[in-house]
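**Q** what's the 3D shape of this:
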Amino acid sequence: MKINVTFDMTPEEFRQVLGLPDVQNFQQEVFNQMLEKMHNGEDGYDPMALYKPMFNESMTAMSQFQQMMFKMMGGKSPENSNE
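**A** Numbering: from 1, shown residues only. From the prediction side, this is the model:
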């Protein structure tokens, strides 16, 4: 037996039904403060400095994925190969 139930509600209504807090104003305030500090050029709020750790992580992950795929295409097991 298969039963499908559809709820037609907005994200705001869904959040209220689950009893989750409304953090939209808080998020907007934090974002506005961060933008203001970036525009003023305060130390530690360089846009590239904020995204650099995420960029480096994603590039490392992509490189590791590519190495794994090349090893698999070459018939080597990625777990047993230390190249």
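**Q** how about residue 7, secondary structure?
**A** Under DSSP: H, G, I helix; E, B strand; the rest coil, the three-state class of residue 7 is coil.
**Q** what about the closest residue to it other than its chain neighbours, how many residues close to it?
**A** Once flanking residues are discounted, residue 7 sits nearest to residue 14: 7.6 Å by Cβ to Cβ, 6 or more residues apart in numbering. For every residue, glycine as well, the C-beta is placed using N, CA and C. Neighbours of residue 14 under the rule other Cβ atoms under 10 Å: 11.
**Q** Could you say which helix or strand holds residue 53?
**A** If you go by DSSP states H and E, residue 53 is part of helix 47-73.
**Q** Please read the previous query as pertaining to residue 36.
**A** Per DSSP H and E, residue 36 falls inside helix 24-40.
**Q** pull the CA atoms of the helix or strand the residue nearest to residue 7 falls within into CSV?
**A** Using DSSP H and E, residue 14 maps to helix 11-18. Provided in CSV are the C-alpha atoms of helix 11-18 (Å, rounded to 0.1, in the frame of the first residue of the first chain):
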residue,chain,number,x,y,z
PRO,A,11,8.1,27.9,4.7
GLU,A,12,7.0,30.3,7.4
GLU,A,13,4.0,28.2,8.2
PHE,A,14,6.1,25.0,8.1
ARG,A,15,8.6,26.5,10.6
GLN,A,16,5.7,27.4,12.9
VAL,A,17,4.2,24.0,12.8
LEU,A,18,7.5,22.4,13.8
